[in-house]
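**Student:** Sequence first, then the predicted structure, then my questions.
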Amino acid sequence: MTSIKIPPEHPRAESLRIREELVEHYRKGVVATAGLIAHGRGEAFDYTLGEKTTKPALNAIEAAAATLLIAEKPVISVNGNTAALVAEEMVRLSQIVKAKIEVNLFYRSLERELAIKELLEKAGAHEVLGIGEHASAKIPELGSERRRVDPRGILAADVVLVPLEDGDRTEALVKMGKKVIAIDLNPLSRTSQKATISIVDNVVRATPKLVEIARELKQDSKKCHRILLDFDNKKNLAESITLIKERLSKLAEKGEYLTLEDEKHGF
Ligand code: ATP
């Protein structure tokens, strides 16, 4: 898929592969220029988190899976980066939790919407909402093109999964009474701060995990309710921030970069 050959033994092979994937999809018109910048911001936070799914991220993923399964009208909102990185996993998730999929872009153009729709359909989606004139409703209080939503999708939804979202829209959706599940590596972004459930993790790791857990929880609605009773998003978000703080403190004490051996031993 990618045009550059990345040696598998390269210490940052996976990270380079993801970058190449985004660049490739940028060339195809799926990813916006600002999407590449947003990815860089995400990568920086991933470094501070140790590039792995942390315990608080896992707690939030469980709560997200439970919320999506209990929801009446769940919708997965997909942008260019999400489609480029995890189209198949998002489609699988939509099938397990019976969610609709809607394309929602900050930088809207019919070409890009159609390119994303095609990618999602190749990944197995039967219906993709929010394309062109179908995004005929407006989220109140929002100025950007992201305010345009599909009346059959996000407008009517009770739960919206928003990977790599911007803060304004998260806040507006919450104000409309919707439960918003964010996937965002930055625990300090307005999106993470305003969401009902904030998954502080890379969308590349969090989405397959979300699929796996949703599949496990699907038959157990009592467990879903129990998980949600125990989950406190503010507390969980604070734990993600504390983890970063502690990790950086340990690094500062050591005064040098982590060796790969340290990483293997979960330092
Ligand atoms: P906000 O408006 O929420 O304060 P922002 O201005 O950074 O945040 P965007 O530019 O829309 O908003 O940000 C996209 C967000 O997505 C960033 O917070 C970035 O950390 C995050 N991000 C980028 N790539 C990934 C990824 N692969 N997985 C998870 N999060 C990511």
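**Tutor:** Okay, I see it.

**Student:** Spit out the contact partners of V23.
**Tutor:** Going by Cβ atoms under 8 Å, 6 or more residues apart in numbering, V23 touches L36. The C-beta positions use only the backbone N, C-alpha and C, and glycine is treated the same way.

**Student:** Show the pLDDT at it.
**Tutor:** The score at V23 is 96. That number is its pLDDT.

**Student:** That one should be in a helix, yeah?
**Tutor:** Yes: with DSSP: H, G, I helix; E, B strand; the rest coil as the criterion, V23 is part of a helix.

**Student:** measure it to L16 for me?
**Tutor:** Distance from V23 to L16, counting by Cβ to Cβ, to the nearest Å: 10 Å.

**Student:** And for the closest residue to I131 other than its chain neighbours, the neighbour number?
**Tutor:** Distances taken as Cβ to Cβ, 6 or more residues apart in numbering place E113 nearest to I131, at 4.9 Å, with adjacent residues excluded. Neighbours of E113 under the rule other Cβ atoms under 10 Å: 20.

**Student:** any idea which element E113 lies in?
**Tutor:** Per DSSP states H and E, E113 falls inside helix 110-122.

**Student:** what does the stretch 151-267 of the chain have sitting close to the ligand?
**Tutor:** Residues of the stretch 151-267 of the chain lying near the ligand by Cβ under 6 Å from any ligand atom: 164, 166-167, 183-186, 189-191, 202-204.

**Student:** Of those, which belong to helices?
**Tutor:** Judged by DSSP state H, those include 167, 190-191, 203-204 as members of helices.

**Student:** Using ChimeraX, define a selection of the buried residues within those residues.
**Tutor:** In ChimeraX, this line selects whichever of these come out buried by 16 or more other Cβ atoms under 10 Å:
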select :167,190,191,203,204
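
**Student:** Scan this protein for its longest helix.
**Tutor:** helix 233-254.

**Student:** What residues of it count as buried?
**Tutor:** 233, 236-237, 239-240, 243-244, 247.

**Student:** mind checking how far it is from the chain centre?
**Tutor:** Mean C-alpha position of helix 233-254 versus that of the full chain (Cα atoms, centre = their mean, to the nearest Å) differs by 21 Å.

**Student:** Could you give the average pLDDT over it?
**Tutor:** Helix 233-254 comes out at a mean pLDDT of 93.

**Student:** low-scoring stretches of the stretch 51-200 of the chain, by residue?
**Tutor:** Along the stretch 51-200 of the chain, the parts satisfying pLDDT under 70 run over 144-145.

**Student:** Show me where it has its strands.
**Tutor:** Taking DSSP state E, counting those that start in this stretch, the strands of the stretch 51-200 of the chain run over residues 74-78, 100-103, 137-138, 148-149, 159-163, 179-183, 197-199.

**Student:** pLDDT wise, what is the closest residue to the ligand within the stretch 1-150 of the chain at?
**Tutor:** As assessed by Cβ to the nearest ligand atom, the ligand sits closest to G42 within the stretch 1-150 of the chain, at 2.6 Å. Note on G42: pLDDT of 96.
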